[in-house]
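In: the following block contains a protein sequence and its predicted model.
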Amino acid sequence: MTQKVAVLGTGKIGEALLSGMIRGGWAPADLLVTARRAERAEELRTRYGVTPVTNAEAAKTADTLILTVKPQDMGTLLDELAPHVPADRLVISGAAGIPTSFFEARLAAGTPVVRVMTNTPALVDEAMSVISAGSHATEADLAHAEEIFGAVGKTLRVPEGQQDACTALSGSGPAYFFYLVEAMTDAGILLGLPRDKAHDLIVQSAIGAATMLRDSGEHPVKLRENVTSPAGTTINAIRELENHGVRAALIAALEAARDRSRQLASGNN
Ligand SMILES: NC(=O)c1ccc[n+]([C@@H]2O[C@H](COP(=O)([O-])OP(=O)(O)OC[C@H]3O[C@@H](n4cnc5c(N)ncnc54)[C@H](OP(=O)(O)O)[C@@H]3O)[C@@H](O)[C@H]2O)c1
């Protein structure tokens with residue numbers, strides 16, 4: 001029997017996932033989508049050949065439901081869905097910060113729930129998606145979630161207790177790199193380079209460094225030492241980074257992001 005997958009609340013992340021799944025070989029005929037606005041639903045049908053349905057229809061028809069509304073809209077969506085979701089359907093939440101217990105409390109007893117925290121590079125198939133099982137999710141459910149989110153990048157399983165830490169590292173992670181690029185581009189301007197050239201130099205250096213980190217198998221310390229010659233330029237820059245406490249700032253920043261994720265998860269908005 002063909003497995004039908006529904007994406008409920010198909011916005012930026014939902015659409016990235018949908019398009020990745022289609023590129024990965026899912027048949028559009030097996031994909032259902034829901035949207036709040038009719039014109040958005042039509043846009044998705046035209047763009048991908050998928051079938052827009054109501055949330056209730058998706059709940060009744062699809063084997064797997066992927067919920068990608070904003071966290072603040074999740075309660076309303078679940079109120080709408082809960083009466084229609086049979087307890088054997090896999091429910092995957094893509095919403096930041098909401099624990100699986102939130103879904104389990106609102107769905108039929110025993111419904112398997114998997115929580116996934118992805119990040120915006122899902123838009124370019126380079127996501128880091130962190131996957132955790134709820135109380136009733138099986139190995140097969142986790143494998144199914146990995147298969148779906150694997151269409152837009154890498155996946156990693158963690159116990160749910162580590163989700164707030166992962167949100168701080170990879171959920172918000174791309175923003176830190178955007179921030180670094182912005183700051184380094186400003187530095188390029190200070191050094192007399194035009195903004196577009198400074199931007200290109202930094203972005204390509206970031207891509208090169210990221211590729212080396214991923215593909216070389218070397219520790220980042222080794223990679224940095226390889227470009228840090230005695231009395232050279234890099235060590236002078238590193239001294240300034242240390243003088244300004246950049247390492248300590250990063251540790252504190254990620255701790256603050258983790259703490260905020262915990263607050264949001266406990267309903268403290
Ligand atoms: N963007 C990120 O950086 C990122 C990263 C990781 C995880 N996430 C998570 O991914 C989820 C989606 O984020 P996003 O940035 O993709 O948000 P988004 O673009 O606003 O997408 C959510 C979509 O859900 C629709 N919607 C809301 N309530 C609905 C309902 N009851 N029925 C059907 N559709 C409904 C919204 O419709 P309207 O267009 O009418 O508002 C919108 O199109 C969030 O929970 C977020 O925590 C996001």
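Out: Looks like it arrived, so ask away.

In: wasn't Met128 part of a strand?
Out: Yes: assigned with DSSP: H, G, I helix; E, B strand; the rest coil, Met128 falls within a strand.

In: list the contacts for the closest residue to it other than its chain neighbours?
Out: Using C-beta to C-beta, 6 or more residues apart in numbering and skipping residues adjacent in sequence, the residue nearest Met128 is Ser170, 4.1 Å away. Where you see a C-beta, it was placed from the backbone N, CA and C, and this is true even at glycine. Applying C-beta atoms under 8 Å, 6 or more residues apart in numbering, we find Ser170 in contact with Met117, Asn119, Met128, Val130.

In: please redo it, this time with the cut-off set to 10 Å
Out: Met117, Thr118, Asn119, Pro121, Ala127, Met128, Ser129, Val130, Lys154, Leu156 (C-beta atoms under 10 Å, 6 or more residues apart in numbering).

In: now those in JSON lines, with neighbour count, pLDDT and distance to the ligand?
Out: Output for the contacts of Ser170, formatted as JSON lines (neighbours: other C-beta atoms under 10 Å; pLDDT from 0 to 100; distance: C-beta to the nearest ligand atom, whole Å):
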{"residue": "Met117", "neighbour count": "26", "pLDDT": "96", "distance to the ligand": "6"}
{"residue": "Thr118", "neighbour count": "24", "pLDDT": "96", "distance to the ligand": "5"}
{"residue": "Asn119", "neighbour count": "24", "pLDDT": "95", "distance to the ligand": "5"}
{"residue": "Pro121", "neighbour count": "19", "pLDDT": "95", "distance to the ligand": "9"}
{"residue": "Ala127", "neighbour count": "27", "pLDDT": "97", "distance to the ligand": "8"}
{"residue": "Met128", "neighbour count": "21", "pLDDT": "98", "distance to the ligand": "10"}
{"residue": "Ser129", "neighbour count": "26", "pLDDT": "98", "distance to the ligand": "9"}
{"residue": "Val130", "neighbour count": "25", "pLDDT": "98", "distance to the ligand": "10"}
{"residue": "Lys154", "neighbour count": "16", "pLDDT": "97", "distance to the ligand": "14"}
{"residue": "Leu156", "neighbour count": "15", "pLDDT": "98", "distance to the ligand": "14"}
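
In: mind listing the strands for this protein?
Out: Counting by DSSP state E, the segments of the chain that form strands are 5-8, 31-34, 51-52, 64-67, 90-93, 113-117, 127-133, 153-157.

In: tell me how many other residues surround the residue of the stretch 151-269 of the chain found nearest the ligand.
Out: Among the residues of the stretch 151-269 of the chain, Gly171 lies closest to the ligand, at 5.6 Å counting by C-beta to the nearest ligand atom. The local packing of Gly171 (other C-beta atoms under 10 Å) involves 23 other residues.

In: now Leu201
Out: By the criterion of other C-beta under 10 Å, Leu201 has 14 neighbours.

In: what about the residue nearest to it when sequence neighbours are not counted, neighbour count?
Out: Setting aside the residues directly before and after it, Leu201 is nearest to Gly188 in space (C-beta to C-beta, 6+ apart), at 6.6 Å. Residues near Gly188, counting by other C-beta under 10 Å, number 17.

In: same question, the one 10 residues further on
Out: Ala198 sits with 20 neighbouring residues when counted by other C-beta under 10 Å.

In: and it, how far from Trp26?
Out: Here the criterion is C-beta to C-beta, to the nearest Å. By it, Ala198 lies 41 Å from Trp26.

In: same question for Ala252.
Out: 42 Å.

In: so between the two, which is more surrounded?
Out: Per other C-beta under 10 Å, whichever of Ala252 and Trp26 has more neighbours is Trp26, with 18 against 11.
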